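>>> Structure for this input, please:
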Amino acid sequence: FSQASHRQVLNTLFGCVSSVLQSPVFTKQPGSIVFPVDSQEKNREVVFSCEAQGSPSPLYRWKLNGTAITPKSVSHYSLSGGNLRISNLDKDQDAGTYQCLAFNSFGTIVSREASLTFAYMENFKTHRRSSVSVREGQGVVLLCGPPSHSGDLTFSWIFNEYPSFVKQDTRRFISQETGNLYIAKVEPSDVGNYTCVVTNTVTKTRVQGPPTPLVLRSDGIMGEYEPKIEVQFPEIVHVAKGSTVKVECFALGNPVPSINWRRMDGIPFSRKVDVRKASGVLEIPYFQQEDAGTYECVAENSRGRNTVKGKLSFYAPPHLIEKPQDVQKPIDDSLVWECKATGKPKPSYRWMKNGENLESLEERIQVANGLLSISRLTLSDIGMYQCVAGNKHGEVYSNAELKVIAVAPDFSQSQLRSHTMVKEGGDVLMECRPKMSPWGGISWRKGSETLQEISILDNGNLRIQNATKPDAGLYTCVARNQFGVASSSGTLMVKEPTIITTPPSTLDVTVGESIVLPCQVTHDPSLELKFTWFFNEQLIHFGNHGGYFEKVGGQHSAGDIMIRNIQLRHAGKYTCAVQTKVDSISIAADLVVRGPPGPPTSIHVEEISDTTASLSWRPGPDNHSPVTTYTIQARTPFSLGWQAVTTVPEMVGGRRLTATVIDLSPWVEYEFRVLASNAIGTGEPSKPSKQARTKETSPKVTPANVSGGGGSRSELVITWEPVPEELQNGGGFGYVVAFRPYGATGWMQAAVPSSEASKYVFKNDSIQPFSPFQVKVGVYNNEGEGPFGPVITIYSAEEEPGRAPTRIRAKSLSASEIEVSWKALPWNTSKRRVLGYELRYWEKREKEEAASVQRTVGNQTSAIIRGVRGSNTYYVTVRAYNTAGAGLPSVTVNVTTKKPPPSQPPAKVMWNTLNSKIILNWEQVKALENESEVTGYKVLYKRNRHSRPSVMETNTTSVELSLPMDEEYFIQIKPFGEGGEGSSSRQITIPRIPGPNAIGSATKVSTLSALSTIALSFTARTSL
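So this is what the prediction gives:
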């Protein structure tokens, strides 16, 4: 058996599987053709398309007017696939109705009908026409008389010479039905020659008739007359569904008549009809059933009116709404096919089989309207059937295939299940579904014993009820019909039922606890168990639900679960469902969860006074533990969240649903909420009550921190902290300010009508500077006056110091500092206090208005001004000041600041260590011309970067430091002079030195300030 032959056998097998047999179905059907006749063209031909799919591939035949066409090599008919080509067309021989027939081994189907017509147009036969003589004002009709033709025509008229065409208006009309030209009222300008032009819309050919002269008679002008309708539409016009219909109406008359249209049933025209265009022609697009009816054309002028009526009749070609479908029937069975179509007139039906009309030659075949019924099917009934629905406007075809099956019993595709299981005491259905046609008899046996038919259902299946152990065994289904016998067997196994041993229960648990829900079973040991748990009928997905649920069933016969940290929402019905291959059972347990009470509801403020509020509420769920107490909380716009309040009774018991809140602030908006508690804990708070405002009462709280003083001359300034809104006890809140000179008996009072006020100023020229007054501040509101606060002493405004400081001295301490000194004024000279001194200083090139200000406090007699610039002259004055302001200025003194300190840092810093000493050397710093001379150097050294440095001063360029050598040091060197400290050298790091000697240097000189820190390189040398 060669490899090539093996491949060939496989290809043959796969080819058989992959090629699916199929009856013919049209994918393309022929359409009607209108062929324009042109005598100039010699090789005239048309092609009718026809294409069908099927397996085996369909073959094709054609019919012309019901007669078969047999293409021959010499014939002018030829086939290309299913397409029919007709060459050398002959309009007498080839015009007619064509149909395509497609067929294969399943049968034949016929296409729809397609017509072949020929369009042509001959020339006008007459060459001259006599003139038409009319009076001015008379109407006239010029006849066109088109020549012999086939195909739709359009008409136009030439006036005198091409291309001057007659334009249609209310006076002139060209009928597209007859081609005639109508002039309602002739005018002198109408005189001339008129030529009818006819165009064939299919052949596109155009011919002109002979000219017709129109002349005016000389015997006078035609008088006025009523309209005479010359162009009328037929009494009945048949219009196809969805098409556009045009009906014509035109009248002659003097004056020129107007043309109007209306429906006789009074229904207005739909929006699709453009009434503005509807003069001589009424055009209705997309014609539908509702457009059908009688229409009237009204022609009217001043002399009268005439009308003409016509009916538009709706028709529709057939349209299939129910088609027969392919069917496969067993032999001797019955078939009923129904075919339904819409159309107007109502369609009639005929049936075809394999391309030929189906006649009821046998009693078992009945054709009635669209119904085809065949009883006692035989193999001869196999084939392709077509329902043809038709009326005078067309036909539609539908195809369906009938297969008749005759098969001996066969179990190859539907064997009995090899093993069927049932629990003891249960019911089982053993299915027997052989393939056979026609359906025959079914019998069963257990082992060799034939079973009674009482257990066999009509469909051949076997039902065993209340199964017992003896019912187990091998069962065989036997199928018979006239073509043969077949059987199939399967084993029935009877298993022990599954029983849940855990009884139903109701479990009680508290929030936060954990509990195990048991589910214990006994079952057939040969079967696997599957446990599924449901909570309130919803499947529990273990691992979800926040990790509350966990399987803990250790044994294979236990499906116990644990609920950890139980919450109130876990209360409900839990169901354990146990399933095996033969049965399923379930058991439920109710879980009661006890927890803190739910929030109370319907919180209502029943009554409210200035300091109390009576509340009521309804209890929320107690969550299976009785409520023991209620707690009331309140919130105002001024409180930090919810606060506990005092109530009457002080303890609100669990059975009370009312309480009175006391010690409230008057005239404040309150919200209340209630919390319930039980033995387990306190629950969530209720929703807040509606806001309620306590009633007003006179104020009780006086302002805090009353003080004052200062201000302008002859003023007494009194200040205080405003009383908070929540303590004002009512609207119209204000302050009463009472004051009197110290030692006087009567009080002066002033009202300040603003709750936000914090200051009152009393001005009177009689007030002496810095005089003591006794002051108290009270409160009032709409309900009356409240108390006054304690009496305090406040001094009136004082005057500025009246004398200027003397003995002003100023000297420069450095380039950036000036020291100023003066002689102090007496502390209390005629009630003019001195609180301190104000120094004003400015550069020589500036104005005094730009002076800088520096103040001292107390009886100080000198101050240092810092931040001035070196080598600059400054002017300085000193004044005494108090709360009234600054007094008279002293004399102005000037001082010139010292030159700035050296800007160059010490260079070439060298260091070495010798016997626990650090020796430093550096180059002398030379001051620039505008800098102060160097008078010495400061050496700053420290043990770590963050410690405060120690300072050693020297007037030389070297220094010895006696320091322990087991530490690391950071050293900087600064020059100084009378202008202050100069720029610092770069920071030097001297590392911890293990040996007695080391040397190092700063390799670069820093131009940065002493605050800059840049790492230095150094060299360490150890002597051996």
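>>> quick check: longest strand of this protein.
Counting residues, the longest strand found in the chain (DSSP state E) is strand 304-322.
>>> Give me the helices and strands touching whichever helix or strand comes after it, please.
Downstream of strand 304-322, the first helix or strand assigned by DSSP states H and E is strand 327-330. Counting by 3 or more CB pairs under 8 Å, 6 or more residues apart in numbering; DSSP states H and E, the packing neighbours recorded for strand 327-330 are strand 335-338, strand 394-405. All C-beta atoms are positioned from the backbone trio N, CA, C, and that covers glycine.
>>> Just put those strands in TSV and tack on mean neighbour count.
Shown next, in TSV, are the helices and strands packed on strand 327-330 (neighbours: other CB atoms under 10 Å):
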stretch	mean neighbour count
strand 335-338	16
strand 394-405	19
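>>> Just tell me which of those strands ends up closest to L142.
Closest to L142 of the helices and strands packed on strand 327-330, according to CB to CB: strand 394-405, at 38.5 Å.
>>> sorry, back to before: buried residues in the longest strand of the chain?
Using 16 or more other CB atoms under 10 Å as the burial criterion, the residues of strand 304-322 that qualify are 305-306, 308, 310, 312, 314-318, 320.
>>> JSON lines for those, including pLDDT and distance to N260?
Converted to JSON lines, these look like this (pLDDT from 0 to 100; distance: CB to CB, whole Å):
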{"residue": "R305", "pLDDT": "92", "distance to N260": "10"}
{"residue": "N306", "pLDDT": "94", "distance to N260": "12"}
{"residue": "V308", "pLDDT": "93", "distance to N260": "12"}
{"residue": "G310", "pLDDT": "91", "distance to N260": "15"}
{"residue": "L312", "pLDDT": "92", "distance to N260": "17"}
{"residue": "F314", "pLDDT": "92", "distance to N260": "23"}
{"residue": "Y315", "pLDDT": "90", "distance to N260": "27"}
{"residue": "A316", "pLDDT": "89", "distance to N260": "30"}
{"residue": "P317", "pLDDT": "90", "distance to N260": "33"}
{"residue": "P318", "pLDDT": "93", "distance to N260": "37"}
{"residue": "L320", "pLDDT": "92", "distance to N260": "42"}
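>>> Out of the helices and strands packed on strand 327-330, which is closest to T244?
Using CB to CB, those put strand 394-405 closest to T244, at 18.2 Å.
>>> what are the pairing partners of that closest one, and which direction each?
strand 327-330 (parallel), strand 383-391 (antiparallel) (DSSP bridges).
>>> The last one vs strand 304-322, what angle?
The directions of strand 383-391 and strand 304-322 differ by 170 degrees, with axes from the mean of the first three to the mean of the last three CA atoms, to 10 degrees as the criterion.
>>> quick one: average confidence on strand 383-391?
For strand 383-391, mean pLDDT is 93.
>>> can you check the first one too?
Throughout strand 327-330, pLDDT has a mean value of 90.
>>> May I have that strand as PDB, with CA atoms only?
Extracted as PDB, the C-alpha positions of strand 327-330 are listed here (Å, rounded to 0.1, in the frame of the first residue of the first chain):
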ATOM      1  CA  VAL A 327     -38.500  20.300   3.900                       C
ATOM      2  CA  GLN A 328     -37.300  16.700   4.400                       C
ATOM      3  CA  LYS A 329     -40.100  14.200   5.100                       C
ATOM      4  CA  PRO A 330     -40.200  10.500   5.700                       C
END
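>>> coming back round to it: ok, and which of the strands paired with strand 394-405 has the densest surroundings?
strand 383-391 (a mean of 23; mean count of other CB atoms under 10 Å).
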